[in-house]
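Peer 1: Model the following, please.
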Amino acid sequence: MVDARIQTKQVLGPESPLSRALPGWEMRDGQLAMAEAVEIALEEEKHLLVEAGTGTGKTLAYLVPAVLSGRKVVISTATRALQEQIFVKDLPIVAEALGAYGIRVSASLMKGLGNYLCLRRFAEARGSGEHAHDRDFARIVGWALGTQTGDRAELGDLAEDARAWHEVASSSETRIGAGCEHYERCFVTRMRQQAEDAQIVVVNHHLFLADLALRTGPRGQHASVIPAYDAVIFDEAHQIDDIATDFFGTRVSSAKVDALLRDAEASLARANALEALKNGPVRGTLEQAREASRAFFSAIAFGAARANGSGAPGPGDRRVLGENDVSDEMRETHAALDLRLEALEYIARGRGGDEALQLVAHRTTELRDAMRDILRGTHVDEDGEVGDVVRWIDVRPRSVALGASPVDAGSILRSRLFDRVPTVVCTSATLATGGGFHFTKSRLGAPPHTDEVLLESPFDFASRAALYVPDDLPDPSDPRFDEEAAARVAELVKMTDGGAFVLCTSTRAMKSLHALLRGRVPGPLMVQGERPKHILLSRFRASGRAVLVATMSFWEGVDVPGWALRLVVLDKIPFAPPTDPVVAARCARLDRDGGNGFTQYSVPSAAMTLKQGFGRLIRSQKDAGVVAILDGRIVRKGYGKALLASLPPARRVRDMRELGAFWDAIRGSC
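Peer 2: You can find the predicted model right below:
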């Protein structure tokens, strides 16, 4: 254990060594209060929820006590970019500060398996000769021969969806483990060994929850990646519920079946188990499985099209798969696919000495079980209990999927996380609704006795920001809304001379507003998707007068401090789609229990998202500007009071003339 005489307040208090390590550093009361709460939670093995407003400095507030605790602590954050920031920027600051006390920081970075080159799959793909004319694969070969980490981040300009990478990347489905001939040199093995030796392990939510689902599921420790730990600290914890819903559910897609059959064919070929004749029994089984898969997923797509009232299959929103939607055609095509997969499983298991084929057999078993569970409408948890799930189907241009998601992810997190790990700390700028944590506790499964800390932002929102909420625009359901909203956006952008994010709640709205704003804004007009996200943000910052129209991926995790961003427009209240199967099931469950799904689930969910969108504006003490919410329901409907109460105390403005006067005063002071 670290010397108990060194406490958090010595590192983050008035006499902090950070004053020497960071130019301009000053003590923040909120940061110290949060750090001491985390320190107590770790020392006393308690759970903790902390909402820390923008500018609190929450990263240092949990890193310092985590290191001082001497315990093995996993830090989990929302994205790979935030992981890198914590590991490359924030931890070195902590290390320098603690170095003044002779304390060494031992940390490692763990990314999802798909970020690492699999030496076995790479060798097999290279030896097959199938990628001889693939430029992406040629670049991977040149890089692979010299990389020390195997991290695809070193291939900075390789497309995210490059087929060649997916053929050579590691994954929980393709990783053999200690039986692999490349195990000792494996990049994932090295990553895990480094994490074993480190006190602080930095991961992202997807990796943490994937690992949690595996280590507490049927495959247990065999499939886990993250070493055993004493505590976990979730940054951006408001995202945990949605990600957990995915990982503790079941999903089968046409793309997943295709990938299994490709891997099976490649493994059988390397084992000399494919007959020379094209119509041999093994080749025939693979081809029959492909045909059966096409028939099964086509039946799902046509069923979705019929339910939507269209005459042909096509892309649409995820929708509920009810008992009446499981047609005779779907059952028959599933039975045919299951039969072919059973034959493939038998063939693969027959090659007992081949590790790759045993993995194919295991994956086939899991896929068959998943399909049966979804179609039967059952989901058995680790204790053998049948969980409450909602089934759904999702038709996309390149893939068709069906799945089952837990209606209550919180109860799963309670049993698998909070009841097993001594200390779980959840922090974010948006965890509280209505001034409390009741909603977050229910979503995350945090026990009633979990400690709570609510820290206001140190920023002066009242004098530096205005919240414009007009009540003269049409209702969002009115056909006139887009045109009149675009006209109001153009008026606002003219006032601020650009520097605006226009954040939309749907892709349709984004495209519509972008089209309507052409020729009506003074500076460059950009739209999400026309360039990679980091390039759009770089151009936005450099311009100073740009207008960027985007969807939900820009509502959070985007940091543009300074004058470049001075106007944030939110087109509508960000209610989750009521037709989404999980949202509908959760609201229906509350209604059945005597509550109100809309006020108890949809409104607080929207409040948290709305607060995230607002949070894009003020990122430093010197920032100033306007947030505009164009959805008049926020001032006309009763639930609007709860939504407005969740937002920072910016000056409320209804009238454009009043807003103009505020803007003139702000502009003169900046």
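Peer 1: okay, CA-based contacts and neighbour counts for the rest of this
Peer 2: Fine.
Peer 1: Three-state assignment for residue 644, please.
Peer 2: helix (DSSP: H, G, I helix; E, B strand; the rest coil).
Peer 1: Doesn't residue 559 lie inside a strand?
Peer 2: No: secondary structure of residue 559 (three-state DSSP): coil, not part of a strand.
Peer 1: For the chain, give the helix that spans the most residues.
Peer 2: The longest helix of the chain (DSSP state H) is helix 281-308.
Peer 1: Now do stretch 232-244: everything it contacts.
Peer 2: With contact meaning C-alpha atoms under 8 Å, 6 or more residues apart in numbering, stretch 232-244 is reached by 59, 62, 73-78, 205-206, 209, 409-410, 413, 421, 423-431, 440, 443-444.
Peer 1: next one: stretch 354-363
Peer 2: 173-174, 176, 179-180, 260, 263-264, 267-268, 271, 344-346, 348-349, 351-352.
Peer 1: hmm, 10 Å instead?
Peer 2: By C-alpha atoms under 10 Å, 6 or more residues apart in numbering, the residues outside stretch 354-363 that reach it are 120-121, 172-177, 179-181, 257, 260-261, 263-268, 270-271, 341-342, 344-352, 364-367, 369.
Peer 1: Could you do stretch 635-643 as well?
Peer 2: In contact with stretch 635-643 (C-alpha under 10 Å, 6+ apart) are residues 433-435, 469-471, 475, 573, 598-599, 603-608, 610-611, 632-634, 644, 646, 654.
Peer 1: so of these, which ones are in strands?
Peer 2: The strands, defined by DSSP state E, take in nothing from the contacts of stretch 635-643.
Peer 1: In helices, which of those residues appear?
Peer 2: 603, 604, 605, 606, 607, 608, 610, 611, 633, 634, 644.
Peer 1: Just the closest of the residues you listed to residue 591, please.
Peer 2: Among the ones in helices among the contacts of stretch 635-643, residue 603 lies closest to residue 591 (C-alpha to C-alpha), at 14.3 Å.
Peer 1: related to what we said a few turns ago, narrow the contacts of stretch 354-363 to those in helices?
Peer 2: Counting by DSSP H, the part of these found in helices is 120-121, 257, 260-261, 263-268, 270, 341-342, 344-349, 364-367, 369.
Peer 1: Drop anything exposed from those residues.
Peer 2: When neighbours are counted using 16 or more other C-alpha atoms under 10 Å, the ones in helices among the contacts of stretch 354-363 contain these buried positions: 120-121, 257, 260-261, 263-268, 270, 341-342, 344-345, 347-349, 364-365, 367.
Peer 1: how much space between residue 406 and residue 452?
Peer 2: Using C-alpha to C-alpha, to the nearest Å, residue 406 is found at 26 Å from residue 452.
Peer 1: So for the two, which residue has more residues nearby?
Peer 2: Using other C-alpha atoms under 10 Å, the more surrounded residue of residue 406 and residue 452 is residue 406, with 24 against 16.
Peer 1: Convert the C-alpha atoms of the helix or strand of the chain with the lowest mean pLDDT to CSV, please.
Peer 2: When the helices and strands of the chain are scored by mean pLDDT, DSSP states H and E, helix 18-21 comes last with a mean of 79. The C-alpha trace of helix 18-21 is given here as CSV (Å, rounded to 0.1, in the frame of the first residue of the first chain):
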residue,chain,number,x,y,z
LEU,A,18,0.7,20.7,-9.6
SER,A,19,1.3,24.5,-9.2
ARG,A,20,4.9,23.7,-10.3
ALA,A,21,3.9,21.1,-12.9
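Peer 1: From the contact counts, what lies against it?
Peer 2: helix 8-12, helix 91-99 (3 or more C-alpha pairs under 10 Å, 6 or more residues apart in numbering; DSSP states H and E).
Peer 1: Identify the residues contacting the first one?
Peer 2: If I follow you right, that is helix 8-12. Against helix 8-12 from outside (C-alpha under 10 Å, 6+ apart): 15-19, 26-29, 31-33, 35-39, 60-69, 94, 97-98, 100-101.
Peer 1: do the same with the longest one
Peer 2: For helix 91-99, the external contacting residues (C-alpha under 10 Å, 6+ apart) are 6, 10-12, 16-22, 59-60, 63-64, 67-68, 85-87, 102-107, 200.
Peer 1: Show me which of the residues you listed are buried.
Peer 2: Among those, those classed as buried by 16+ other C-alpha under 10 Å are 11-12, 16-19, 59-60, 63-64, 67-68, 86-87, 103, 105, 107, 200.
Peer 1: Give me the subset of these that lies in strands.
Peer 2: Reading strands off the buried ones among the contacts of helix 91-99 with DSSP E, I get 107, 200.
Peer 1: Let me see the contact set for residue 375.
Peer 2: Going by C-alpha under 10 Å, 6+ apart, residue 375 touches 321, 322, 323, 326, 330, 331, 334, 391, 402, 403, 404.
Peer 1: I'd say the third one and residue 376 touch.
Peer 2: Read it as residue 323. Yes: the criterion here is C-alpha atoms under 10 Å, and residue 323 meets it with residue 376 at 8.7 Å.
Peer 1: what do these two both touch?
Peer 2: Joint contacts of residue 323 and residue 376 (C-alpha under 10 Å, 6+ apart) are residue 391.
Peer 1: Residue 564: what secondary structure?
Peer 2: Residue 564 ends up coil, using three-state DSSP.
Peer 1: Give me the neighbour count for it.
Peer 2: 18.
Peer 1: Check what pLDDT it gets.
Peer 2: For residue 564, the model assigns a pLDDT of 94.
Peer 1: distance of it from residue 436?
Peer 2: Distance from residue 564 to residue 436, by C-alpha to C-alpha: 34 Å.
Peer 1: go on, residue 328?
Peer 2: 49 Å.
Peer 1: ok, now residue 356?
Peer 2: Counting by C-alpha to C-alpha, the separation of residue 356 from residue 436 is 51 Å.
Peer 1: just the helices in the stretch 351-500 of the chain please.
Peer 2: Listed in chain order, the helices of the stretch 351-500 of the chain (DSSP state H, counting those that start in this stretch) span 355-376, 409-413, 438-444, 461-464, 481-496.
Peer 1: ok now the first one, how far from the chain's centre?
Peer 2: Pointing back at helix 355-376 there. In terms of C-alpha atoms, centre = their mean, to the nearest Å, the centre of helix 355-376 is found 26 Å from the chain centre.
Peer 1: How about the last one?
Peer 2: Centroid displacement of helix 481-496 relative to its chain, using C-alpha atoms, centre = their mean, is 31 Å.
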